[in-house]
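A.B. asks: everything below, folded, please.
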Amino acid sequence: MSDGGLSEARLARLRGVLAGYVERGEVPGLVAVVQRRGHVHIEVHGTLEAGGDEPMRRDSIFRISSMTKPVVAAAAMALVEEGRLRLDDPVDALLPELADRRVLRALDGPVEDTEPARRPITLRDLLTFRLGFGALMAPPGSYPVQRAILDSGLYVGPPDPSKDPAPDEWLRRFATLPLLHQPGERWMYHTGAELTGVLLARAAGRPLEEVLRERILEPLGMRDTAFSVPADRIDRLATSYLTDPESGALNPYDPAAGGSWSRPPAFPSGGAGLVSTADDYLAFSRMMLGLGRHAGRRVLSRPAVELMTADQLTPAQKAASGLVPDQFDTFGWGFGLGVTTARTGLTGSVGSYGWDGGLGTCWTADPREDLTLLLLTQASWTSPAPPPIAQDFRTLAYQAIDD
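C.D. replies: Numbering: from 1, shown residues only. A predicted model of the protein is given here:
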């Protein structure tokens, strides 16, 4: 048994299963972390590119897509603690484009058929994804507003920093659209994180990347976490692939050199824009599990982390929401991350939290077990539900607990 209460024999079982995914070509390579009580177990398998010769390394860089959201939420809490933002103030003062919102009377109705928003949008709405706008889990063309979203010029698709304009123009386009639901009515995915990023930059009077660097990244030593990869590190960036949902084939999506993350973006996406490494994100997770403290340094207050990781959704909001059916039966939402509210399987103690990235990454932090799980690949998920590799990784990490 390791110092972290993990069985070496059972970690070998984890190693074999992860290696199998690489050997079968389901992912070109991966880095996985199981950290418990300060003991860190790392698995590194495969190559940076399918069919390539460059091996995956512990310090390889990955597009973490929606694992960006918790980092941005933590930066928002830092600005709240500085007195630059308040959770329940309207965002109108800093985002006047969002003042006097109009709301669709019916989601399937004409885009012009709207009513006034019953109240302003707040930072709490953005962090909890209850602002009244987000991803529509329906085929294209199901609702008239989907055409309006496309006509606005807002990019809809897998994360791609080359597709969006600068923040002011992005927000101008967004403001031409009605809200889909009244603020506070239900949870809707993703858009709240993008708006949070714009809000943080305006509140601090600095670009979002500088806000993150000063409040979160530098204090935690997250040197490789950013919205792009500099030329002297591009050889460590894994190639990104989109997984065909029918055949499982890996289709090249974004190369390292010359790709969308090889240069600073016009729009630093607070919802899906960051790249990071296993050790960088492990430092973030340790800070969260340490209730705001890491390596002897306080980054956030204990109350801030406790608030971030508490379920913020009411039963009525959960009943009306979800990326998949029954998502919120055993699950809730804090600030920029998901929270486990009931244990139904081997993994995830009640109170554990984290989030996945659709380009092929996942993170879980379990305070009860003092456990961090990180799986970094660049083969995309094909649905909101975790793919087999993520499910197996989590199961095999928990079965290795030996105390």
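A.B. asks: tally up the residues packed near the nearest residue to Asp280 once chain neighbours are set aside, please.
C.D. replies: Spatial nearest neighbour of Asp280, chain neighbours left out: Met222 (4.1 Å); criterion: CB to CB, 6 or more residues apart in numbering. Backbone N, C-alpha and C define where each C-beta goes, glycine included. Residues contacting Met222 under the criterion other CB atoms under 10 Å number 23.
A.B. asks: name the SS class of Met222, please.
C.D. replies: coil (DSSP: H, G, I helix; E, B strand; the rest coil).
A.B. asks: hey, what's the residue lying closest to Arg213 once chain neighbours are set aside bridged with?
C.D. replies: Closest residue to Arg213 apart from its sequence neighbours, by CB to CB, 6+ apart: Ala226 at 7.9 Å. Taking DSSP bridges as the rule, Ala226 bridges to Val275.
A.B. asks: ok, Pro245 - contacts?
C.D. replies: Thr382, Ser383 (CB atoms under 8 Å, 6 or more residues apart in numbering).
A.B. asks: per-residue pLDDT, it?
C.D. replies: Turning to Pro245, the model gives it a pLDDT of 95.
A.B. asks: okay, and it sits in which element?
C.D. replies: Assigned by DSSP states H and E, Pro245 belongs to no helix or strand.
A.B. asks: so the residue nearest to Asp280 is in contact with Ser285, correct?
C.D. replies: No: counting by CB atoms under 8 Å, Met222 sits too far from Ser285 to count as a contact (11.1 Å).
A.B. asks: what about the residue nearest to Arg213, neighbour count?
C.D. replies: For Ala226, using other CB under 10 Å, the count is 22.
A.B. asks: relative to Thr277, how far out is it?
C.D. replies: Look at Ala226 and Thr277: by CB to CB, to the nearest Å, they are 11 Å apart.
A.B. asks: could you check the pLDDT of the residue nearest to Asp280?
C.D. replies: As summarised for this prediction, Met222 has a pLDDT of 98.
A.B. asks: setting aside sequence neighbours, what's the nearest residue to Ala385?
C.D. replies: Closest residue in space to Ala385, ignoring its immediate chain neighbours: Val324 at 5.6 Å, by CB to CB, 6+ apart.
A.B. asks: list the contacts for that neighbour?
C.D. replies: Ser383, Pro384, Ala385.
A.B. asks: once you drop chain neighbours, what's closest to the second one?
C.D. replies: Put plainly, it is Pro384. Pro384's closest residue in space is Leu323 (CB to CB, 6+ apart), at 3.9 Å.
A.B. asks: which SSE is the one you found in?
C.D. replies: Using DSSP H and E, no helix or strand contains Leu323.
A.B. asks: and for it, the neighbour number?
C.D. replies: For Leu323, the count of nearby residues is 16 (other CB under 10 Å).
A.B. asks: swap in Ala175?
C.D. replies: The local packing of Ala175 (other CB under 10 Å) involves 15 other residues.
A.B. asks: can you check what pLDDT the model gives the closest residue in space to it that isn't next to it in sequence?
C.D. replies: Leaving aside its sequence neighbours, Ala175 sits nearest to Glu97 (CB to CB, 6+ apart; 4.0 Å). Per-residue confidence (pLDDT) for Glu97: 98.
A.B. asks: returning to what we had before: ok, so of the contacts of Val324, who is nearest Met188?
C.D. replies: Pro384 (13.0 Å; CB to CB).
A.B. asks: can I assume that closest one is in contact with Pro325?
C.D. replies: No: Pro384 lies out of contact with Pro325 (CB under 8 Å); the separation is 10.4 Å.
A.B. asks: neighbour count winner among the two?
C.D. replies: Neighbours per residue (other CB under 10 Å) separate Pro384 from Pro325, with Pro384 holding more: 14 against 7.
A.B. asks: quick one: the helices in the chain?
C.D. replies: 8-23, 68-81, 123-128, 144-151, 167-174, 191-204, 208-212, 278-289, 302-308, 315-319, 388-399 (DSSP state H).
A.B. asks: now those in CSV, with distance to Pro183 and mean pLDDT?
C.D. replies: Formatted as CSV, the helices of the chain follow (distance: least, CB to CB, whole Å; pLDDT from 0 to 100):
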stretch, distance to Pro183, mean pLDDT
helix 8-23, 42, 98
helix 68-81, 17, 98
helix 123-128, 5, 98
helix 144-151, 17, 96
helix 167-174, 15, 98
helix 191-204, 11, 98
helix 208-212, 23, 98
helix 278-289, 27, 98
helix 302-308, 20, 98
helix 315-319, 12, 95
helix 388-399, 32, 98
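A.B. asks: so which of these gets nearest Glu112?
C.D. replies: Taking CB to CB, helix 144-151 is the member of the helices of the chain nearest to Glu112, at 9.3 Å.
A.B. asks: distance from the chain centre to the closest one, please.
C.D. replies: From the chain centre to the centre of helix 144-151 is a distance of 25 Å (CA atoms, centre = their mean, to the nearest Å).
A.B. asks: buried ones in that helix, by neighbour count?
C.D. replies: Val145, Gln146, Ala148, Ile149 (16 or more other CB atoms under 10 Å).
A.B. asks: return the per-residue confidence for Met1.
C.D. replies: 60.
A.B. asks: before we move on, back to that, what's the closest of the helices of the chain to Phe267?
C.D. replies: If you check each of the helices of the chain against Phe267 by CB to CB, helix 167-174 wins as the nearest, at 5.3 Å.
A.B. asks: packing partners of that closest one?
C.D. replies: helix 191-204 (3 or more CB pairs under 8 Å, 6 or more residues apart in numbering; DSSP states H and E).
A.B. asks: and the angle for the helix it packs on with helix 167-174?
C.D. replies: Helix 191-204 and helix 167-174 are oriented at 140 degrees to each other (axes from the mean of the first three to the mean of the last three CA atoms, to 10 degrees).
A.B. asks: who are the packing partners of helix 191-204?
C.D. replies: If you count contacts as 3+ CB pairs under 8 Å, 6+ apart, helix 191-204 packs onto helix 68-81, helix 123-128, helix 167-174, helix 208-212.
A.B. asks: excluding covalently adjacent residues, which one is nearest to Gly348?
C.D. replies: Thr340 (4.4 Å).
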